[in-house]
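>>> Structure for the following, please:
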Amino acid sequence: MEETRFLAGVAAVLLLSLGCGDDDDAGPPVEQATALIRVVHGSPDAPAVDVLFNGAVVLTNVPYLGASEYLTVPAGPANLQVRVTGTDVVAIEANADLAADTAYSVIAVNPVASIEPLVLVDNIEPPAAGQTRVRLIHGAPSAPDVDIYVTGADDPLTTPLLTGVPYLAVADDLTAAAGTYRVRIAPEG
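So this is what the prediction gives:
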């Protein structure tokens, strides 16, 4: 994607500038540690947004429910800004210390009046052969606590997999045999 190429170009310039110096005794250039980050627009009444990482625009015009691919960024102190597309209006600003070799999802949650980032550390290791992995998040701000059912594609509702899940709760990763499943969400009880 264009944003990924742009970020890779910025990272390459940073790495090249780190390796260039006037001191011939400095030794070989040190490779900068990186992290992965993806952004998800989950604020139901917010307009499309642009995302800046350490002051550089990395994503533009991200719509509600839009999600980026993982972007490779320098590890360490980071500033993430989410702005209303085409403006300087900052909807979210977050500072974080990104660990090397770690993947993060930053999800804009809540309606605009109380918008905030939900930052998750992601497990991106592939599951075992023949397995699949999902993570469930209750992301509907106007919904009550819910029960979550995961069944075979044609199975009736039986016992919920998760009960009484409140808004913004994040379930542990669920691993199951690869296949077709049906996920249904109902008000608690």
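
>>> and the spatially closest residue to residue 35 that is not a sequence neighbour, what are its bridge partners?
Spatial nearest neighbour of residue 35, excluding adjacent residues (CB to CB, 6 or more residues apart in numbering): residue 98 at 4.0 Å. Every C-beta, even on glycine, is put in place using the N, C-alpha and C of the backbone. Beta-bridge partners for residue 98, by DSSP bridges, are residue 76.

>>> you'd agree residue 98 is up against residue 76?
Yes: with contacts counted by CB atoms under 8 Å, residue 98 reaches residue 76, the gap being 6.4 Å.

>>> ok, those two, which is more surrounded?
residue 98 (21 against 15; other CB atoms under 10 Å).

>>> ok, now which ones touch that one?
Contacts for residue 98 (CB atoms under 8 Å, 6 or more residues apart in numbering) come out as 35, 37, 73-78, 104.

>>> Residue 158 now?
149, 151.

>>> need the helices for this structure, in chain order.
Ranges of helices in the chain, per DSSP state H, are 2-19.

>>> Report the central residue of it.
In the chain, the centroid-proximal residue (CA atoms, centre = their mean) is residue 105; its distance is 1.9 Å.

>>> Now for the contacts of residue 98, which sits with the most neighbours around it?
Per-residue neighbour counts (other CB under 10 Å) across the contacts of residue 98 peak at residue 37, which has 25 neighbours.

>>> Skipping its backbone neighbours, what lies nearest it in space?
Nearest residue to residue 37 in three dimensions, chain neighbours excluded: residue 104, at 4.8 Å (CB to CB, 6+ apart).

>>> quick one: low-confidence parts of this protein?
The chain contains residues with pLDDT under 70 at 1-29.

>>> Okay, strands next: where are they in it?
Secondary structure of the chain by DSSP state E: the strands cover 34-41, 49-53, 56-62, 71-74, 76-84, 90-98, 103-109, 116-122, 131-134, 146-152, 162-165, 174-177, 181-187.

>>> Spell out which strands sit alongside the second one in the sheet and which way each one runs.
Each strand that pairs with strand 49-53, with its direction, by DSSP bridges: strand 56-62 (antiparallel), strand 76-84 (antiparallel).

>>> so it versus strand 103-109, what angle?
Interaxial angle, strand 49-53 versus strand 103-109 (axes from the mean of the first three to the mean of the last three CA atoms, to 10 degrees): 140 degrees.

>>> Repeat that for the last one.
Using the same axes, to 10 degrees, the inter-axis angle of strand 181-187 relative to strand 103-109 is 40 degrees.

>>> Send me stretch 48-58 as CSV with only the CA atoms.
Presented in CSV, the C-alpha positions along stretch 48-58 are these (Å, rounded to 0.1, in the frame of the first residue of the first chain):
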residue,chain,number,x,y,z
ALA,A,48,-12.7,9.9,8.4
VAL,A,49,-9.3,10.5,9.9
ASP,A,50,-5.6,10.9,9.0
VAL,A,51,-3.0,9.2,11.2
LEU,A,52,0.4,10.7,12.0
PHE,A,53,3.3,8.8,13.6
ASN,A,54,6.0,10.9,15.2
GLY,A,55,4.7,13.9,13.1
ALA,A,56,4.7,12.1,9.7
VAL,A,57,1.4,11.3,8.0
VAL,A,58,1.2,7.5,7.6
